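> Next comes the sequence, and after it the predicted model I'd like to discuss.
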Amino acid sequence: MSSKVIHSNISKLMAVLSVVLLVFFATGCEKQPAEGPAEQAGKKIDQTMEKAELKTQQAASAIKEMTKDAADATGKAVGETGRAIEKTGEAIQQK
């Protein structure tokens, strides 16, 4: 092959390659379509689940605090009842 034929073939190949690259980059840079209904619903479900998780954690914390308060109050009441029983027993023994 002569150098002119090789040069001509390389030029044609470069032209074809340029067109292919141009088409490839042009289609790759297109704006992505808007979210479809399934994607929107999925996002809403995710948001709802996150909110539900937060509310559940808040409720669990509140229940834990209320349980602690109830246990403290019960302990105090048991202690007071025990002291009252002791006083009653002492009073009975003194009679």
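Yep, it's here.

> where along this structure do the helices fall?
Using DSSP state H, the helices found in the chain span residues 3-28, 37-94.

> For the shortest one, give the mean pLDDT please.
Here the mean pLDDT over helix 3-28 is 75, rounded to a whole number.

> ditto for stretch 76-83
Per-residue scores along stretch 76-83 average to 94.

> about what we covered before: can I get the helices of the chain in CSV with mean neighbour count?
Any C-beta I mention is one placed from the backbone N, CA and C, and that applies to glycine too. As requested, the helices of the chain are arranged in CSV below (neighbours: other C-beta atoms under 10 Å):
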stretch, mean neighbour count
helix 3-28, 10
helix 37-94, 10
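
> Distance from the chain centre to stretch 59-73, please.
Between the centre of stretch 59-73 and the centre of its chain there are 26 Å (C-alpha atoms, centre = their mean, to the nearest Å).

> err, stretch 64-74, not the other one
Its chain's C-alpha centre and that of stretch 64-74 lie 31 Å apart, by C-alpha atoms, centre = their mean.

> What of stretch 78-86?
With C-alpha atoms, centre = their mean, you get 50 Å for stretch 78-86.

> Equivalent analysis for stretch 84-95, please.
The chain centre lies 61 Å from the centre of stretch 84-95; the measure is C-alpha atoms, centre = their mean.

> cool, and stretch 75-89?
Distance of stretch 75-89 from its chain centroid, counting by C-alpha atoms, centre = their mean, is 50 Å.

> any residues touching it, and which ones?
Outside of stretch 75-89, no residue comes within contact range by C-beta atoms under 8 Å, 6 or more residues apart in numbering.

> any idea which residue sits dead centre in this protein?
Geometric centre of the chain, nearest residue: residue 50, 5.5 Å, by C-alpha atoms, centre = their mean.

> And that residue, how close does it get to residue 82?
From residue 50 across to residue 82, the span is 48 Å (C-beta to C-beta, to the nearest Å).
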